[in-house]
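[1] Below are the sequence and a predicted model for it; my questions follow.
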Amino acid sequence: MSGSLENIADRGSVGGSQPSGKAFVWFTDTSAIADPDQLTRWESVLSEDERARHRAFRFASDRQLFLIAHALLRTTLSRYSRIEPQDWRFTLGEFGRPEIAADQRVNHPLRFNLSHTPGLAACVVARNLKVGIDVERPNRSCSVNALAKRYFTHHETQQLAKLSGEARLTRFLEYWTLKEAYTKARGGGLSIPLDSFAFRLDNERWQIDFNDTSDDPDDWQFVCFRPTADHIISLAIHRPNQPNCEVELQQAVLR
């Protein structure tokens, strides 16, 4: 589906009637736009603060990654409320999590989260649900052992030790992105130690276990995607007293 400025107002399939209890994940190839005029056009939808942050990056690849990710977020939000991409305003929570400004008039109470890594940007939008998303690209030179020992629980490091090669790297990245998605959904960021909770696969569903009683595992739903051969997306949804949410994954083409 297209996320171009010309047809972003055509929101009939999703924007006017976003169902409660459903999460929408949109992703895009951040390297797909190379034309300077197109990049300038997308820069025009950013806020003054976002444009300043965009221009502060030293390398062109980092500027493009930031630009396309934030253009994706703004056009995606405009699918679910009749606000133009350039008109969205955001505030930061206690731990720096962006939220829609309280005085912004939206069709429904929306929550969102954004993540990007070289080659891919992804965002999630939901109604009345706390959500978090994280994306990573496998880096075969990363020190899986050292990072797991520092940030993972004993159970997770034990499970990693049973695997080798590509399977081990994939499981490591699943753990890592799930942890990041959870902390982002909670809104606590780095204030939540990554080894204070653990993930496990139970009948092909991701489950979370906590070291204490500060959270209820039954309130959470987790999903991992492989949108491309080179990327992993993990999603965390807080849905207390509700059944599992339907999750819709779609590709946005910004042009």
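    Everything's here; your move. Numbering: from 1, shown residues only.

[2] now the strands for the stretch 51-200 of the chain?
    Under the criterion DSSP state E, counting those that start in this stretch, strands of the stretch 51-200 of the chain are mapped to 90-92, 98-100, 110-117, 120-127, 130-136, 197-202.

[3] With distance to residue 56 and mean neighbour count added, can I get those strands in JSON lines?
    From N, CA and C alone the C-beta is placed, and that goes for glycine too. Listed next are these as JSON lines, based on distance: least, C-beta to C-beta, whole Å; neighbours: other C-beta atoms under 10 Å:
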{"stretch": "strand 90-92", "distance to residue 56": "18", "mean neighbour count": "13"}
{"stretch": "strand 98-100", "distance to residue 56": "18", "mean neighbour count": "15"}
{"stretch": "strand 110-117", "distance to residue 56": "16", "mean neighbour count": "21"}
{"stretch": "strand 120-127", "distance to residue 56": "18", "mean neighbour count": "26"}
{"stretch": "strand 130-136", "distance to residue 56": "22", "mean neighbour count": "25"}
{"stretch": "strand 197-202", "distance to residue 56": "34", "mean neighbour count": "17"}
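
[4] any chance of those strands in JSON lines, with mean pLDDT and distance to residue 169 too?
    Output for those, formatted as JSON lines (pLDDT from 0 to 100; distance: least, C-beta to C-beta, whole Å):
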{"stretch": "strand 90-92", "mean pLDDT": "93", "distance to residue 169": "33"}
{"stretch": "strand 98-100", "mean pLDDT": "93", "distance to residue 169": "30"}
{"stretch": "strand 110-117", "mean pLDDT": "96", "distance to residue 169": "15"}
{"stretch": "strand 120-127", "mean pLDDT": "97", "distance to residue 169": "17"}
{"stretch": "strand 130-136", "mean pLDDT": "97", "distance to residue 169": "10"}
{"stretch": "strand 197-202", "mean pLDDT": "96", "distance to residue 169": "16"}
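
[5] any chance of those in TSV, plus distance to residue 76?
    Shown next, in TSV, are these (distance: least, C-beta to C-beta, whole Å):
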stretch	distance to residue 76
strand 90-92	13
strand 98-100	12
strand 110-117	8
strand 120-127	5
strand 130-136	12
strand 197-202	27
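
[6] Good, wrapping up.
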